[in-house]
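Colleague: take a look and give me a structure for this.
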Amino acid sequence: MKVYISADMEGITGLVDAEDVQPPGRDYERGRVMMTEDVNAAIRGAYAAGATAVLVNDAHGPMRNLLPDQLDPRATLIKGRPKPMGMIEGLSASYDAVLCVGFHARAGILGVLSHSFMGHEIEDIWLDDQVTGEIGLFEATAAAYGVPLALLTGDDAACAEAVAWNDRIHTVPVKYAKDRFAAQLVPVAEARAAIESGAASALRSMPTVAAAADRRTLTVRWQSASVASHLTAIPGVTRHDDRTVTVTDDMLQLYRLFNLYLRVATAVTSNPPYC
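Modeller: Next comes the predicted model:
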């Protein structure tokens, strides 16, 4: 059983503020340790469930957050950016399951550090007619490979978003949002134990997913009309209004194209994505 782990940071145990998750924040280095240990808990759970290989993709911001020397040595790590598939780099149809560790709710939801890929730059995202964020796009792309998203960890808002998108996803809430920068925390040891047991349980009962190449429509509303204007230079991208662009393609190409959107938006706004 091959298991793929995508590790974000805003939904990690104990972290609630930009100072915890963005360099050179005063608690960022501690946040890196917390992130690595949440991922280690998921790795332990995966191997307890019978995994034979685990690939971890550092999917947050600079994508250089996880500490390789403290990561469970049974896992392989993808570190750094840019990556053509961003948060899902390295995933293929050869994997049996995906675990999302440390994820957060989409823009507009009252969750800890909630946003969609680029902080304030992206206002809304729709896949076909369904509003989504990082979680929905990730799950849909994994499903296009035929790989189920078995587990997601994060705050209660992220967990609720995942279940609303696909009620077969197992979730482990490690904190409960009180506001965007405040939460009631699950004790660290308890949270790590829940991640480990949750990963093992999810992998033992994961659903099957048939790979699909259906054409789907991705719509993104930006805060900046300038970003939308620049994106229309990409073949197939059309502008719905001054700030909203739409494109139709298969899901794997849409996710690849969306990562190109982020690079264009970064150049236009000088505001890097932090996922």
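Colleague: make it CA atoms for all contacts and neighbour counts henceforth
Modeller: Noted.
Colleague: avg pLDDT for stretch 68-88?
Modeller: Stretch 68-88 shows a mean pLDDT of 97.
Colleague: how distant is it from the center of its chain?
Modeller: Centroid displacement of stretch 68-88 relative to its chain, using C-alpha atoms, centre = their mean, to the nearest Å, is 13 Å.
Colleague: what's the answer for stretch 157-172, then?
Modeller: The chain centroid and the centroid of stretch 157-172 are separated by 13 Å, computed with C-alpha atoms, centre = their mean.
Colleague: show the low-confidence segments of the stretch 151-275 of the chain, by residue range.
Modeller: 272-275 (pLDDT under 70).
Colleague: wait, doesn't Tyr176 sit right on Asp155?
Modeller: Yes. Using C-alpha atoms under 8 Å, Tyr176 is in contact with Asp155, at 5.5 Å.
Colleague: out of those two, which sits in the more crowded spot?
Modeller: Legend: neighbour count by other C-alpha atoms under 10 Å for Tyr176 and Asp155, higher for Asp155 (34 against 18).
Colleague: so that one makes contact with Met9?
Modeller: No. Here Asp155 lies out of contact with Met9, judged by C-alpha under 8 Å, at a distance of 11.1 Å.
Colleague: intersection of neighbour lists for those two?
Modeller: Common contact partners of Asp155 and Met9 (C-alpha atoms under 8 Å, 6 or more residues apart in numbering): Phe103.
Colleague: can you show me the strands along the chain?
Modeller: 2-7, 53-58, 75-78, 97-103, 122-127, 130-132, 149-155, 170-179, 182-185, 215-222, 238-241, 244-250 (DSSP state E).
Colleague: can you pull the buried residues of the longest one?
Modeller: Okay, so that is strand 170-179. Of the residues in strand 170-179, 170-177 count as buried by neighbour count, 16 or more other C-alpha atoms under 10 Å.
Colleague: and for stretch 58-77?
Modeller: Across stretch 58-77, burial judged by 16+ other C-alpha under 10 Å covers 58-67, 71-72, 75, 77.
Colleague: nearest to His104, of those residues?
Modeller: Checking those against His104 by C-alpha to C-alpha gives His60 as the nearest, at 11.0 Å.
Colleague: not counting its neighbours along the chain, what's nearest that closest one?
Modeller: Excluding the flanking residues, the one nearest His60 by C-alpha to C-alpha, 6 or more residues apart in numbering is Asp8, at 4.7 Å.
Colleague: hmm, the one you found is touching Val56, no?
Modeller: No. In terms of C-alpha under 8 Å, Asp8 does not count as a neighbour of Val56; the distance is 10.7 Å.
Colleague: in contact with the nearest residue to Glu121 once chain neighbours are set aside, which residues?
Modeller: Leaving aside its sequence neighbours, Glu121 sits nearest to Gln223 (C-alpha to C-alpha, 6+ apart; 5.2 Å). Taking C-alpha under 8 Å, 6+ apart as the contact definition, Gln223 lies against 120-123, 243.
Colleague: from those residues, which is closest to Phe138?
Modeller: Ranked by distance to Phe138 (C-alpha to C-alpha), these are led by Ile122 at 16.3 Å.
Colleague: touching, that closest one and Val227? I think so.
Modeller: No. Applying C-alpha under 8 Å, one finds Ile122 not in contact with Val227, separated by 10.0 Å.
Colleague: that older thread, in helices, which of the buried residues of stretch 58-77 fall?
Modeller: Under the assignment DSSP state H, the buried residues of stretch 58-77 contribute nothing to helices.
Colleague: adding distance to Asn40, write these out as TSV.
Modeller: Compiled in TSV, the buried residues of stretch 58-77 are given as follows (distance: C-alpha to C-alpha, whole Å):
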residue	distance to Asn40
Asp58	13
Ala59	15
His60	16
Gly61	20
Pro62	20
Met63	17
Arg64	16
Asn65	14
Leu66	10
Leu67	11
Leu71	6
Asp72	6
Ala75	9
Leu77	12
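Colleague: give me the distance from stretch 16-32 to the chain's centre.
Modeller: From the chain centre to the centre of stretch 16-32 is a distance of 18 Å (C-alpha atoms, centre = their mean).
Colleague: what's the answer for stretch 95-114, then?
Modeller: Relative to the centre of its chain, stretch 95-114 is centred 5 Å away, using C-alpha atoms, centre = their mean.
Colleague: contacts only, for Ala142.
Modeller: Contacts here follow C-alpha under 8 Å, 6+ apart; on that basis Ala142 touches 91, 98, 148-149.
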